[in-house]
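Visitor: below is the structure, and that's it, no one-letter string:
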């Protein structure tokens, strides 16, 4: 197996997306070309390149998650929480802002603050963590938890709306 195949498989496993893995590998190879001559020991190039591919893959996955969170936020605002990658039913009854605010109020305060900062105010994970005085990892966990809870609450509300005569 060539190194390029191994790198592509690694990136594809991190991303679960073969096409995006190709892009990640290309970016990593460009970085290797730019860094040529800066690496003292050529024998370490393979390990360095593998680390670059892992980092690039993780960054790409974070970007994709951030984009998905923004899409979900906008969908909630429009009353349609159906994700492009999810088979959740559309939620037309949440078309008004009050419904979204009502759902947000049901979240734990720490989770709600993160969801609002990240999705409504558009802060990055790092910016939100600085504002809240906690780690970016905690912000990420709370955002994921909040969006998951919002989807669940919206589904429950939708079921209740469709079951009422």
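Guide: Good, I have the coordinates. Just so you know, these numbers come straight off a predicted model, no measurement behind them.
Visitor: in what helix or strand does residue 54 lie?
Guide: helix 45-78 (DSSP states H and E).
Visitor: mind giving me the packing neighbours of the helix or strand just after that helix?
Guide: Going down the chain from helix 45-78, the next helix or strand is helix 97-105, by DSSP H and E. For helix 97-105, the elements it packs on are helix 45-78, helix 109-115, helix 136-163, judged by 3 or more Cβ pairs under 8 Å, 6 or more residues apart in numbering; DSSP states H and E. All C-beta spots, glycine's among them, are computed from the backbone N, C-alpha and C.
Visitor: if we go to 6 Å?
Guide: The criterion is 3 or more Cβ pairs under 6 Å, 6 or more residues apart in numbering; DSSP states H and E, and there are no helices or strands that helix 97-105 contacts.
Visitor: contacts for the helix or strand containing residue 30, please.
Guide: Assigned by DSSP H and E, residue 30 belongs to helix 18-34. Outside helix 18-34, the residues that touch it by Cβ atoms under 6 Å, 6 or more residues apart in numbering are 7-8, 11-12, 15, 49, 52-53, 56-57, 60.
Visitor: low-confidence regions, the chain specifically.
Guide: Applying pLDDT under 70 to the chain flags residues 1-3, 71-98, 164-165.
Visitor: tell me the centre residue of it?
Guide: residue 65 (1.3 Å; Cα atoms, centre = their mean).
Visitor: that older thread, the helix holding residue 30: which residues count as buried?
Guide: Burial within helix 18-34, assessed by neighbour count using 16 or more other Cβ atoms under 10 Å, is assigned to 20-21, 24-25, 27-28, 31.
Visitor: let me know the closest of those residues to residue 38.
Guide: Nearest to residue 38 among the buried residues of helix 18-34, counting by Cβ to Cβ, is residue 31 at 10.5 Å.
Visitor: quick one: that closest one from residue 57, how far?
Guide: 13 Å (Cβ to Cβ, to the nearest Å).
Visitor: same question, residue 156
Guide: With Cβ to Cβ as the criterion, residue 156 and residue 57 are 35 Å apart.
Visitor: pick out whichever of these two has more residues nearby.
Guide: residue 57 (24 against 12; other Cβ atoms under 10 Å).
Visitor: tell me who's in contact with that one.
Guide: So residue 57 contacts 11, 14-15, 24 (Cβ under 6 Å, 6+ apart).
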